[in-house]
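Engineer: build me a model:
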Amino acid sequence: MTLPAASQPGSSSRPHYAERFRCIGSACEDTCCAGWTVPIDRATWDKYQSLPESPLRILVNASMTPREESAEVAAEGAAPAALATIRMNAQNQCPLLTEDRLCRIHAQVGESFLSHTCATYPRIVASVNGVTETTLALSCPEAARLVLLTPDLFTPNQETCDPIQAVNAVKADAPHDPSSPQAWLMPIREVTFRLVRNRDYPLWQRVFLLGLLCRRLDSTARGELKRSIPAFLGDFEAAVAAGSLCAAMQTLPVDRKAQLDLVLMLAGMMLRKSNVRPRFVECIQAFTAGIGNGPGATLDSLAAHYANAHDRHFEPFFLRHPHILENYLIHTVFRRQFPFGREGLAAGSKVDRTREFALFCAQFALMRGLLIGVAGFHGQAFSAKHVVHTVQAASKHFEHHPEFLKLAHELLVNNKMDGARGMAILLRNAEVAPGARAARPAAPERADSAPVAERLAGEPVAVPG
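Structural biologist: Predicted structure coming up:
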């Protein structure tokens with residue numbers, strides 16, 4: 001039997017965009033060799049010990065911090081276990097960088113002597129149902145440019161995916177229980193991608209509908225929804241195509257003050273737990289200025305400026321360039337293996353897809369909230385360059401920190417924003433009618449609401465000395 005386009009190798013249900021990535025070296029506006037814990041695997045360590053006596057060998061040995069060797073075997077597609085780490089210098093940069101911000105090891109002895117981490121970054125490799133998939137980390141500026149700004153990065157399948165046929169694309173070592181959503185990864189992905197690209201709906205509604213998809217998948221897995229997963233996927237796509245869910249979504253709340261409040265808390269929760277790099281400081285300073293932070297600012301006045309920034313600058317820009325946020329969302333689906341999570345595709349794993357959606361939504365709402373403030377700061381000059389800077393700096397600050405997603409979920413739960421109503425508040429901004437001009441916010445007035453500094457972890461943002 002011939003598989004549908006959705007199941008064919010090379011279709012948009014697998015990521016292939018990492019193949020297009022090319023490092024631009026010293027021309028890059030940031031460096032991937034600063035602010036990290038860079039692990040050195042056993043094979044690389046042995047190569048370093050085989051280097052002839054030389055200034056490079058002395059520098060390499062002086063730059064390594066040994067770790068206890070682990071007996072664990074790395075999982076398929078995972079990085080090998082670390083035997084040592086590179087000790088950053090006083091500027092928190094790799095001591096093996098040249099003045100031109102290029103790697104001495106690569107320049108003097110070649111790429112084969114690079115560690116696994118240095119050789120593969122910004123590529124992220126994972127095994128999905130026995131197939132190796134490679135995505136990119138948006139903490140790299142050039143990777144962020146490629147993912148965000150390429151209109152045809154994800155070529156959509158024009159053929160309709162028959163979920164019953166598409167399951168044939170699942171590898172033999174995948175779960176075989178037909179009631180298990182994990183067994184239907186490729187059809188679920190295709191439904192997700194078509195929804196993200198469906199411009200008949202505003203973007204916030206497309207993301208909100210992904211939450212409905214996740215909740216129904218959880219109900220099916222628990223046996224509460226008496227439909228097979230292929231039948232449910234067909235029903236879901238039919239409802240989306242018919243627009244039968246639009247009226248209900250229009251009744252969902254618009255609360256930009258609550259949305260901004262949570263964005264501020266999400267943005268501030270890692271300031272005490274992560275290295276704050278200068279590019280992220282620039283991002284936060286533009287964001288806070290763009291939402292009117294200053295003497296006398298209150299949450300009410302900030303929300304008014306935030307709404308103005310969205311309506312006058314953010315929304316018009318992304319209506320002209322809709323592929324940017326669509327690409328970001330589809331990339332996140334691949335990167336997070338949504339709606340299952342990085343660990344959720346293993347046989348027998350217990351996955352809360354509703355929780356995965358809450359994390360997906362929080363990550364998107366945080367990035368979009370920062371972009372709204374940055375758009376407000378730059379006004380009519382807001383451009384793709386500012387989008388790339390914001391997404392790259394925020395990705396480097398948040399997404400590589402092991403506690404980010406756990407803390408983000410705790411924040412949602414503690415603020416009772418992890419349910420459908422909370423997701424709607426995080427996602428929805430009042431749509432601006434074509435040709436309409438948003439009113440400028442009033443000047444700030446003093447009130448009892450907490451200003452930005454209190455939401456951003458209670459301390460000002462500054463470049464570390």
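Engineer: tell me the contacts of Leu366?
Structural biologist: Leu366 sits next to Val263, Leu266, Ala267, Ala394, Phe398, Ala408 when contact means Cβ atoms under 8 Å, 6 or more residues apart in numbering. Glycine gets a C-beta too; all of them are placed from N, C-alpha and C.
Engineer: and the residues you listed as JSON lines, adding neighbour count?
Structural biologist: As requested, the contacts of Leu366 are arranged in JSON lines below (neighbours: other Cβ atoms under 10 Å):
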{"residue": "Val263", "neighbour count": "25"}
{"residue": "Leu266", "neighbour count": "24"}
{"residue": "Ala267", "neighbour count": "26"}
{"residue": "Ala394", "neighbour count": "25"}
{"residue": "Phe398", "neighbour count": "22"}
{"residue": "Ala408", "neighbour count": "23"}
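Engineer: got these as CSV, with distance to Val333, pLDDT and secondary structure columns?
Structural biologist: Below are those laid out as CSV (distance: Cβ to Cβ, whole Å; pLDDT from 0 to 100; DSSP: H, G, I helix; E, B strand; the rest coil):
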residue, distance to Val333, pLDDT, secondary structure
Val263, 22, 96, helix
Leu266, 20, 94, helix
Ala267, 23, 92, helix
Ala394, 18, 95, helix
Phe398, 18, 91, helix
Ala408, 17, 93, helix
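Engineer: of all those, which comes closest to Glu326?
Structural biologist: Nearest to Glu326 among the contacts of Leu366, counting by Cβ to Cβ, is Ala394 at 18.2 Å.
Engineer: residue contacts, that closest one?
Structural biologist: Contacts of Ala394 by Cβ under 8 Å, 6+ apart are Phe280, Cys283, Leu366, Met367, Leu370.
Engineer: can you rerun that using 10 Å?
Structural biologist: By Cβ atoms under 10 Å, 6 or more residues apart in numbering, the residues touching Ala394 are 138-139, 267, 279-280, 283-284, 287, 363, 366-367, 369-371, 374.
Engineer: which among the contacts of Leu366 gets closest to His331?
Structural biologist: For the contacts of Leu366, the residue nearest His331 by Cβ to Cβ is Ala394; the value is 14.0 Å.
Engineer: shouldn't Asp30 be within a strand?
Structural biologist: No - Asp30: not assigned to a strand; according to DSSP: H, G, I helix; E, B strand; the rest coil it is coil.
Engineer: from His401, how far out is it?
Structural biologist: 17 Å (Cβ to Cβ, to the nearest Å).
Engineer: so for those two, which sits in the more crowded spot?
Structural biologist: The neighbour count for Asp30 versus His401, taken as other Cβ atoms under 10 Å, is higher for Asp30 (20 against 16).
Engineer: kindly export the helix or strand harbouring Thr135 (C-alpha atoms) in CSV.
Structural biologist: Assigning secondary structure by DSSP states H and E places Thr135 in strand 131-136. Presented in CSV, the C-alpha positions along strand 131-136 are these (Å, rounded to 0.1, in the frame of the first residue of the first chain):
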residue,chain,number,x,y,z
VAL,A,131,14.2,7.6,13.5
THR,A,132,16.9,10.2,14.2
GLU,A,133,15.5,13.8,14.0
THR,A,134,17.7,16.9,14.1
THR,A,135,16.4,20.3,15.1
LEU,A,136,18.1,23.6,16.0
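Engineer: now do the helix or strand that comes right after that strand, average pLDDT.
Structural biologist: Downstream of strand 131-136, the next assigned helix or strand under DSSP H and E is helix 141-149. What helix 141-149 shows for mean pLDDT is 97.
Engineer: report the buried residues of helix 141-149.
Structural biologist: For helix 141-149, burial by neighbour count (16 or more other Cβ atoms under 10 Å) applies to Pro141, Glu142, Ala143, Ala144, Arg145, Leu146, Val147, Leu148, Leu149.
Engineer: what is it packed up against?
Structural biologist: Where contact means 3 or more Cβ pairs under 10 Å, 6 or more residues apart in numbering; DSSP states H and E, helix 141-149 is packed against strand 131-136, helix 323-336, helix 384-398.
Engineer: could you tell me the least trusted of the ones you listed?
Structural biologist: strand 131-136 (a mean of 90).
Engineer: that one vs helix 323-336, what angle?
Structural biologist: If you take axes from the mean of the first three to the mean of the last three Cα atoms, to 10 degrees, strand 131-136 sits at 130 degrees to helix 323-336.
Engineer: mind listing what's buried along strand 131-136?
Structural biologist: Using 16+ other Cβ under 10 Å as the burial criterion, the residues of strand 131-136 that qualify are Glu133, Thr134, Thr135, Leu136.
Engineer: mind putting these into a markdown table with distance to Thr65?
Structural biologist: Formatted as a markdown table, these follow (distance: Cβ to Cβ, whole Å):
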| residue | distance to Thr65 |
| --- | --- |
| Glu133 | 32 |
| Thr134 | 29 |
| Thr135 | 29 |
| Leu136 | 28 |
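Engineer: which neighbours does the strand holding Thr135 have in its sheet, and in what orientation?
Structural biologist: Using DSSP bridges, the strands paired with strand 131-136 in its sheet are strand 123-128 (antiparallel).
Engineer: tilt between the strand it pairs with and helix 141-149?
Structural biologist: Using the same axes, to 10 degrees: strand 123-128 against helix 141-149 is 60 degrees.
Engineer: off-centre distance for strand 123-128?
Structural biologist: 15 Å (Cα atoms, centre = their mean, to the nearest Å).
Engineer: of the contacts of Ala394, buried ones?
Structural biologist: Counted by 16+ other Cβ under 10 Å, the contacts of Ala394 give 138-139, 267, 279-280, 283-284, 287, 363, 366-367, 369-371, 374 as buried.
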